[in-house]
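J.: How does the following fold in three dimensions:
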Amino acid sequence: MGTTEKVAIGCGNLYVTVNSDEISICEVFTQTGKGGGCDSQSEAVGRLASMALRSGIDPAAVIRQLKGIRCLSCIRRKGVEVLSCPDAVAKAIEKALKIKSWVFCSANGNGETKDSGGNGNGSIANGTSCPECGNSVEFAGGCVVCRSCGYSKCG
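T.: Numbers count the residues shown, from 1 in each chain. Okay, here's the model as predicted:
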């Protein structure tokens, strides 16, 4: 499931798609409009953001790295509310986080879960349950694992 957002950039339009599964945000795709743009760079940003999110990196960290990057094309054009294509990707991820409180691996690797909840504060989430049996799940090596029934879902 996902959402696609049309964002005005300095070169035309950028379409940013943020997809999720039942556990978390897991993919980001970009597509430039007919007006042009930096196709390869936008695709690279989407691929790297997707890889980071599937690897259990806190989306707030991905957002912090991309948000605020500036492009002269965006700055010069009136009516453009983003600073660059990476900034547009960061804002689309941020918007998706505000829609639902997703659960991600903690950055310290101790197996605790963090509730991103759109605010990036990293508070510990309670009550994350297995979609198969309903028991608690834990995060291990970038995967969601249920010790009760063996369910496993990796990004």
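
J.: Can you give me the buried ones in the helix or strand Leu97 falls within?
T.: Assigned by DSSP states H and E, Leu97 belongs to helix 85-99. By 16 or more other C-beta atoms under 10 Å, the buried positions in helix 85-99 come out as Cys85, Pro86, Asp87, Ala88, Val89, Ala90, Lys91, Ala92, Ile93, Glu94, Ala96, Leu97. C-beta here means a position set from N, CA and C on the backbone, and glycine is covered the same way.

J.: Wait, the last one touches Ser20, no?
T.: No. Counting by C-beta atoms under 8 Å, Leu97 sits too far from Ser20 to count as a contact (10.0 Å).

J.: what is in contact with these two at once?
T.: Counting by C-beta atoms under 8 Å, 6 or more residues apart in numbering, Leu97 and Ser20 have no common neighbour.

J.: number of nearby residues for Asn13?
T.: 16 (other C-beta atoms under 10 Å).

J.: Kindly apply the preceding question to Ala49 instead.
T.: Neighbours of Ala49 under the rule other C-beta under 10 Å: 28.

J.: What average pLDDT does the helix or strand hosting it get?
T.: Using DSSP H and E, Ala49 maps to helix 39-54. The predicted model gives helix 39-54 an average pLDDT of 92.

J.: if I pick Lys91, what's in contact with it?
T.: Remark: with contacts taken as C-beta under 8 Å, 6+ apart, Lys91 is in contact with Val7, Lys67, Val82.

J.: most neighbours, which of those?
T.: Among those, Val82 has the most neighbours (other C-beta under 10 Å), with 23 neighbours.

J.: What does that one show for phi and psi?
T.: Main-chain torsions, Val82, degrees, to the nearest 10: phi -120, psi 160.

J.: check contacts around the closest residue to it other than its chain neighbours.
T.: Leaving out its chain neighbours, the residue that sits closest to Val82 by C-beta to C-beta, 6 or more residues apart in numbering is Ala88, at 4.3 Å. Ala88 makes contact with Val7, Ile9, Leu14, Val16, Val82 under the criterion C-beta under 8 Å, 6+ apart.

J.: hey, which helix or strand in the chain has the poorest pLDDT?
T.: When the helices and strands of the chain are scored by mean pLDDT, DSSP states H and E, strand 123-124 comes last with a mean of 25.

J.: No further questions, thank you.
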